[in-house]
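S.K.: got a predicted model here, sequence first, then my questions.
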Amino acid sequence: MASATHSKRKLADATRPFVVTRSRLHRGHFAYLRGMVQGLAPSPLWERYLARDEGDSGDDAQVHRMSGWIRAQLIAAAVRGGDFGRARLLRLDLAPPREPALPALEDFAGERGLGDASEAEQLAAYESAFGTALARQRRRTRLLHRQLDAIAALEAQMAGQATREDGVEAWLIDSMAQRLVSAGVRTLGDLHATIAAGGAWWRRLRGIGVTKAAALERFVASHMATLGPLPKSAYSEAVEALPPASAEDAAEVSPWMPLERLALAPELDGSMGHFRASRDRCLLDASTDAEAIAAWIDAKGKASARPTPYAERPGLLTDTPRLTYTQLAYKKEAERLLLWAVLERRKALSSLTLEDATAYREFLLAPPPQWCGRPAQPRWKVSWRPLAGPLSPRSCTYALAAAGNLFAFLVDQGYLVGNPWRAVAPPCAVEHGPDIRRGFSHAQWQFLRQQLDELPPGLSAQRLEVALHLLHDTGLRLGELVAATCEDLTWECLPQPPKPPLEGWWLSVMGKGGRVRRVPVSTQWMTRLSQYLAARGLPDDPREAGEAALLGSLASYDRTVSAKGAASPKSGISASSLHRQLKGFFQHCALQSEATDVVAARALRRASCHWLRHTHVSHALDAGVPVQIVQQNVGHASLDTTTLYVRSEDVERLIAMQKFWSPLAEEGRIKDVEY
């Protein structure tokens, strides 16, 4: 029996893929360690960053082991790179000390009777009382910032993609790396070239047999996007015979990389694209397809009245709130197309043919399962995928239109010779126009106002009140609202002879396509805005508040300092933050109405900021506002779009049919037949 068990164990060991790679840290490990060194609670950190790959956190010992393992990996990487100072820094435990926290300056001044003293005098007394503790705190803070910088620097090295210039010791275990270096194979580029030579290439390397060679070939093949593909003839018999490594056996980097992290071999990056136009006639500085995509995304941006200096602008292929919604949408489509070209068609974006374009349409409608992942995955996670599932015909049509727009731009700029997407038909005709059912009824709007009035007082509630009423009163888009400032408000006196001049407030916003429009706002809303500005510490007259955003970033009266220093009361809220606040309010309202109106609660849970835009159009038309004026206010490009909201014909039809269905009408028709 013992002999049989031993034989089975040997057989299992022989068939298990040999692991040659180091245990890799993904970005979740780095985020987890950053939170731990700053003293955050380990349980939520584990749940957010490690639960999917490591399972649920068991106990304090497991948390301690994970933190120690991550830190040990970083220290070892620093030592391999010869940075011993960084290694010593990473060994420091800079967790917050277990001692009573220092009192707030305001509390200290009250206890010492310094309430009427100047702030400078209060600070001097505070320094005198707690000087030693403050010095320790400042030293710990300086070291903590240096430690966080060290973690960020190592993250850029260790969580990135493999490149040809990387040393083999950065990716392979020490014993394997030493064997390769002793044979003159010092970089991953050298290893790729050695394997690509084909044949029994491993026989020239001492200490590497068939099993280890198969593991090395699998490793290089898994990084094809950056190291380059291996010719089929280069694969050894060992790779064909051995089963592929699973995610548990070898932690490899996912081939689905976000656009900002994608690094491609020359044969795939477009520098040698088959349909590249003559370089001397190209109007772009781009040498690769990714750089050309960046130029296209940049061109889709809109000019700002307060532009950021060019030298301070972030990279266009990075996730940044400076990108407009149009740019973000186009970036997503370009990223998906580029990944598909490289991974599915094994060619550069600039080498795609009409047949490829048609195949891409079918791919979007029925993508392979491995291309699909759970929605809203962080882009740095291995589980991130370009798709959540098959696209609807409408979404597919949009994706094809974006691809056609990209290629048309590249043709116009002399980067490509042609645009194959012009000949690709969309999957079906798409009905354009808003879904007018996504809006609030008059009763629901009154319920929202009632719930708004019952919120606890505070800056956050005031901001919500200002935003909610302006969105309902004007039908602004989310992006238009968060970009608006007090400078965009003007008080105007309009002549209307023989009557007295008409006075009122107007708000200028930049809508779709960079079109600027002026929208009238009510005096009632201006009163709310004045109170909100005063609560933020600004002049209550918007004409004196300058470039202050209509909606501020501060959510409470006492939040005066942020991680980056003093928070300006003029700074504005981001679109994503306002979206979350509105969604949270709608969820709150849904809970309040669930007991009495399940249908309304279900609608409130689906509601978003855009519902208020639909609501404005419907309510304005119901109140008798001419359809042309509503069109001008909301910025519809076509009057036909606004006309879709007009329900008067539907009302007449329903009244007529209800008369037809009524019992009295039915009785009358029966009598007519009897006579």
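M.R.: Received the coordinates, thanks. Model, not experiment: these values are computed from the prediction.

S.K.: surely Asn125 meets Ser118?
M.R.: Check again: residue 125 is Ala, not Asn. No. Under the criterion of C-beta atoms under 8 Å, Ala125 is not in contact with Ser118, lying 10.8 Å apart. Any C-beta I mention is one placed from the backbone N, CA and C, and that applies to glycine too.

S.K.: and the two? Which one has more around it.
M.R.: Neighbour comparison, Ala125 and Ser118: the larger count goes to Ala125, with 16 against 9 (by other C-beta atoms under 10 Å).

S.K.: Three-state assignment for Gly301, please.
M.R.: coil (DSSP: H, G, I helix; E, B strand; the rest coil).

S.K.: so what's it up against?
M.R.: For Gly301, the contacting residues are Leu323, Thr324, Gln327, by C-beta atoms under 8 Å, 6 or more residues apart in numbering.

S.K.: and those residues, which of them are in strands?
M.R.: For the contacts of Gly301, not one is inside strands, with DSSP state E as the criterion.

S.K.: so which of those residues is the closest to Cys486?
M.R.: Nearest to Cys486 out of these is Thr324 (C-beta to C-beta; 21.9 Å).

S.K.: what about that closest one, how many residues nearby?
M.R.: Neighbours of Thr324 under the rule other C-beta under 10 Å: 18.

S.K.: what do you get for the one 3 residues further on?
M.R.: Residues lying near Gln327 (other C-beta under 10 Å) number 19.

S.K.: name all residues that make contact with it.
M.R.: Residues near Gln327 by C-beta under 8 Å, 6+ apart: Ile297, Lys300, Gly301.

S.K.: from Ile70, how far out is the first one?
M.R.: Right, the one you point to is Ile297. Shown here: Ile297 relative to Ile70, a distance of 35 Å by C-beta to C-beta, to the nearest Å.

S.K.: which one of those two is surrounded by more residues?
M.R.: More neighbours surround Ile297 than the other of Ile297 and Ile70, with 22 against 18 (other C-beta under 10 Å).

S.K.: buried set for the host helix or strand of Met66?
M.R.: Counting by DSSP states H and E, the element that carries Met66 is helix 60-80. For helix 60-80, burial by neighbour count (16 or more other C-beta atoms under 10 Å) applies to Val63, Met66, Ser67, Ile70, Arg71, Gln73, Leu74, Ile75, Ala77, Ala78.

S.K.: same check, this time on stretch 388-403
M.R.: Neighbour counts using 16+ other C-beta under 10 Å place Leu391, Cys396, Thr397, Tyr398, Ala399, Leu400, Ala402, Ala403 of stretch 388-403 among the buried residues.

S.K.: next one: stretch 259-274
M.R.: Using 16+ other C-beta under 10 Å as the test for burial, stretch 259-274 gives Leu259, Glu260, Leu262, Ala263, Leu264, Ala265, Leu268, Asp269, Gly270, Ser271, Gly273.

S.K.: just the ones of those in strands?
M.R.: Using DSSP E, none of the buried residues of stretch 259-274 sit in strands.

S.K.: what two of the residues you listed are the furthest from one another?
M.R.: Spanning the widest gap among these are Glu260 and Gly273, at 20.8 Å by C-beta to C-beta.

S.K.: Ala152 and Val37, how far apart?
M.R.: Counting by C-beta to C-beta - Ala152 and Val37 are separated by 12 Å.

S.K.: which of those two has more neighbours?
M.R.: Neighbour totals were compared for Ala152 and Val37, and Val37 leads with 20 against 11 (other C-beta under 10 Å).

S.K.: surely the more buried one meets Asp149?
M.R.: No. Under the criterion of C-beta under 8 Å, Val37 makes no contact with Asp149, lying 11.7 Å away.

S.K.: regarding this structure, what is its longest strand?
M.R.: In the chain, assigned by DSSP E, the strand with the most residues is strand 499-510.

S.K.: buried stuff in that strand?
M.R.: Trp505, Leu507, Val509, Met510.

S.K.: which one of those residues is nearest to Gly414?
M.R.: Distances from Gly414 to the buried residues of strand 499-510, taken by C-beta to C-beta, are shortest for Met510, at 30.5 Å.

S.K.: contacting residues around the nearest residue to that closest one once chain neighbours are set aside?
M.R.: Residue nearest to Met510 in three dimensions, not counting chain neighbours: Val516, with 5.3 Å by C-beta to C-beta, 6 or more residues apart in numbering. Residues in contact with Val516 (C-beta under 8 Å, 6+ apart) are Ser508, Val509, Met510.

S.K.: any idea which of the residues you listed is closest to Lys347?
M.R.: Met510 (39.5 Å).

S.K.: ok, the closest one to Gly504 distance?
M.R.: According to C-beta to C-beta, Met510 stands 21 Å off from Gly504.

S.K.: next: Gly389.
M.R.: Distance from Gly389 to Gly504, by C-beta to C-beta: 49 Å.

S.K.: likewise Arg48?
M.R.: From Arg48 across to Gly504, the span is 49 Å (C-beta to C-beta).

S.K.: what do you get for Ala156?
M.R.: 54 Å.

S.K.: try Tyr415
M.R.: Look at Tyr415 and Gly504: by C-beta to C-beta, they are 50 Å apart.

S.K.: Ala484 now?
M.R.: Relative to Gly504, Ala484 is positioned 17 Å away (C-beta to C-beta).

S.K.: ok, now which ones touch Leu284?
M.R.: Glu291, Ala292, Ala295, Leu410, Gln413, Gly414, Tyr415.

S.K.: what's the burial count for the closest residue to Leu502 other than its chain neighbours?
M.R.: Counting by C-beta to C-beta, 6+ apart, Leu494 is the residue found nearest to Leu502 once chain neighbours are left out, at 4.7 Å. For Leu494, the count of nearby residues is 9 (other C-beta under 10 Å).

S.K.: give me the buried positions along the helix or strand Leu494 falls within.
M.R.: Assigned by DSSP H and E, Leu494 belongs to strand 489-496. By neighbour count on 16+ other C-beta under 10 Å, the buried set for strand 489-496 is Leu489.

S.K.: what of stretch 601-618?
M.R.: 601, 603-604, 607, 609-618.

S.K.: ok, those residues vs Leu354, which is closest?
M.R.: Nearest to Leu354 among the buried residues of stretch 601-618: His610, at 36.6 Å, using C-beta to C-beta.

S.K.: and that closest one, what pLDDT?
M.R.: If you check His610, the pLDDT there is 84.

S.K.: just checking, it touches Arg438?
M.R.: Yes. Between His610 and Arg438 there is a contact at 7.0 Å, judged by C-beta under 8 Å.

S.K.: nearest to Glu169 among the buried residues of helix 60-80?
M.R.: Closest approach to Glu169 among the buried residues of helix 60-80 (C-beta to C-beta): Ala77, at 9.9 Å.

S.K.: distance of the closest one relative to Tyr32?
M.R.: The spacing between Ala77 and Tyr32, counted by C-beta to C-beta, is 17 Å.

S.K.: repeat that for Val516.
M.R.: Applying C-beta to C-beta, the value for Val516 to Tyr32 is 46 Å.

S.K.: do the same with Ala461
M.R.: Separation of Ala461 from Tyr32 (C-beta to C-beta): 35 Å.
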